[in-house]
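**Q** Starting from these lines, generate the structure:
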Amino acid sequence: MKCAILSVACADQDLEVGIVLPKKALEIFEQEAAIDLIVTDQVMPNMTGIQLAERVRLQRSDIPIILATGYGELPVDSATVVRKLGKPFGQSELARAIGDAVPQEGPDTASARVAAH
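**A** Coordinates of the predicted model:
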């Protein structure tokens with residue numbers, strides 16, 4: 001269900017979506033310079049969303065990261081700044097979070113590539 005909501009919301013915003021596990025997301029991120037945004041869950045196998053964000057920010061400190069979580073608070077031991085998206089969320093909340101996270105450059109902007117879980 002989360003994947004369906006993500007795909008629909010991103011299609012409405014003309015975004016290309018990839019849904020992968022955290023380790024694969026890191027591999028793709030290291031090879032693909034055109035990723036403009038990461039949407040990740042906090043609770044995932046082998047790595048949390050915060051851990052993924054920390055690893056990504058070592059390579060690109062400017063990339064926006066949206067962390068979907070059902071927890072009220074983000075971990076206090078992390079200095080990594082992410083945008084929190086509370087779960088459950090709907091298409092409009094996801095679209096708003098993406099719109100807030102990714103700067104709009106105008107009608108000729110290329111489609112964003114999104115790595116997500």
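
**Q** Sticking with A68, tell me its helix or strand.
**A** For A68, the host element (DSSP states H and E) is strand 65-69.

**Q** Packing partners of that strand?
**A** Contacts defined by 3 or more CB pairs under 8 Å, 6 or more residues apart in numbering; DSSP states H and E place strand 65-69 against strand 35-41, helix 49-59, strand 83-86, helix 91-101. (C-beta placed from N, C-alpha, C; glycine too.)

**Q** what's the angle from the first one to helix 91-101?
**A** Pointing back at strand 35-41 there. 140 degrees (axes from the mean of the first three to the mean of the last three CA atoms, to 10 degrees).

**Q** Could you tell me the angle between strand 35-41 and strand 65-69?
**A** 10 degrees.

**Q** related to what we said a few turns ago, can you redo the helices and strands packed on strand 65-69 as CSV with mean neighbour count?
**A** Converted to CSV, those look like this (neighbours: other CB atoms under 10 Å):
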stretch, mean neighbour count
strand 35-41, 22
helix 49-59, 18
strand 83-86, 16
helix 91-101, 16
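
**Q** out of the ones you listed, nearest to K23?
**A** helix 49-59 (9.1 Å; CB to CB).
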